[in-house]
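A.B. asks: sequence below, structure please.
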Amino acid sequence: MFVPVLGALHDAGIAHGAIAPESLLVGEGHITLSDLSEASLSAVDRRIQGDVAAMLASHVIVVGPDRAVAGTVRNLEPDRLEAALPYVQDAMLQPDLRRRVKKVAKLATISDLLLEQVA
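C.D. replies: Below is the predicted model of the structure:
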């Protein structure tokens, strides 16, 4: 499930900046984000798109690539998804998140799955 609170942050021009599985707090029927220590106000687009890529990567770690991609496509507006596609690559993720994702799936595979869904 894509976290609705992330969309609300982005709509307000705020980028989280440090999304990882540990920053996802699962409550009864909802998910919130913790650790806003790296957040930036008036965030530039690349920070916001980086958040989307990090959220997808975190979901891949937790539920696997197929479910993560399906959930992201189902819950994220198409224009936001398309804008984030260039950020779903090794160089754009934080090193620790990148290492953890690589244990589960190749980012190129995740990107390809996304492209199949939005094409």
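
A.B. asks: what ranges do the strands span in this structure?
C.D. replies: In chain order, the chain shows strands spanning 24-27, 30-33, with DSSP state E as the criterion.

A.B. asks: redo these as CSV? Include mean neighbour count, distance to A39 and mean pLDDT.
C.D. replies: C-betas here are computed from N, CA, C, even on glycine. Conversion of the strands of the chain to CSV gives the following (neighbours: other Cβ atoms under 10 Å; distance: least, Cβ to Cβ, whole Å; pLDDT from 0 to 100):
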stretch, mean neighbour count, distance to A39, mean pLDDT
strand 24-27, 12, 15, 80
strand 30-33, 14, 9, 80
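
A.B. asks: distance of R74 from V104?
C.D. replies: R74 sits at a distance of 20 Å from V104 (criterion: Cβ to Cβ, to the nearest Å).

A.B. asks: so these two - more neighbours on which side?
C.D. replies: V104 (16 against 10; other Cβ atoms under 10 Å).

A.B. asks: can you pull the contacts of the more buried one?
C.D. replies: Contacts were defined as Cβ atoms under 8 Å, 6 or more residues apart in numbering; by that measure V104 touches V60, I61, G64, P65.

A.B. asks: what about the closest residue to the third one other than its chain neighbours, distance to E116?
C.D. replies: Counting by Cβ to Cβ, 6 or more residues apart in numbering, G64 lies nearest to V104, which is 6.6 Å off, once chain neighbours are set aside. Using Cβ to Cβ, V104 is found at 18 Å from E116.

A.B. asks: next: L85.
C.D. replies: Using Cβ to Cβ, we find L85 at a distance of 12 Å from E116.

A.B. asks: who's more crowded, those two?
C.D. replies: L85 (15 against 10).

A.B. asks: near the residue lying closest to the more buried one once chain neighbours are set aside, how many other residues are there?
C.D. replies: In space, L85 comes closest to L114 once its chain neighbours are excluded; the distance is 6.1 Å by Cβ to Cβ, 6+ apart. By other Cβ under 10 Å, the residues close to L114 number 21.
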